[in-house]
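show me the folded form of this:
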Amino acid sequence: MAKDKDKELAVSEKEKKSAKNKESSKTKGGISKWFKDLKLELKKVVWPDKKTVINNSIVVFAAMLGFAAFTFLLDKGFLWLFQFAISGGKS
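Residues are numbered from 1 along each chain as shown. I've put the predicted structure just below:
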């Protein structure tokens, strides 16, 4: 039991030290380090191929048209309803 606690304490001390090192490395380097890190992260990105971009664009465009049509019909329906209510039910 005592050995387990000693191991846990040793691990937590190591974690504290590595956290301090990470904090100090974050503050060193400034803007140039930030751009270098940015470049490294962008290399990790898996960019979609042309076919995927086109398919996703078509889906987004179709959804946009669908929502626009729904909003248009909703607007026309409320307009008709309000005109019907204002006229007193006379069409």
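
helices of the chain, start to end?
All helices of the chain, identified by DSSP state H, fall at 2-27, 30-44, 50-86.

which of the ones you listed has the lowest mean pLDDT?
Among the helices of the chain, helix 2-27 has the lowest mean pLDDT, at a mean of 59.

and Leu65, how far from Phe82?
Leu65 sits 26 Å away from Phe82, going by CB to CB, to the nearest Å. Using the backbone N, CA and C atoms, a C-beta is placed for each residue, glycine as well.

er, Val46 actually
Val46 is 51 Å from Phe82, by CB to CB.

the more surrounded of those two?
Phe82 (10 against 4; other CB atoms under 10 Å).

residue ranges of each domain in the protein, please.
The chain resolves into domains spanning 16-45, 47-91 when parsed by automatic domain parsing.

since we're on Lys33, how many residues are nearby?
13.

ok, Gly88 next?
Gly88: 6 neighbours (other CB under 10 Å).

phi, psi of it?
phi 80, psi 20 (degrees, to the nearest 10).

contacting residues for it?
Listed by CB atoms under 8 Å, 6 or more residues apart in numbering, the contact set of Gly88 is empty.

and it, how far from Val60?
44 Å.

ok, now Leu38?
27 Å.

now swap in Lys51 and tell me
Taken as CB to CB, the span from Lys51 to Val60 is 15 Å.

now swap in Lys90 and tell me
On the measure of CB to CB, Lys90 and Val60 end up 44 Å apart.
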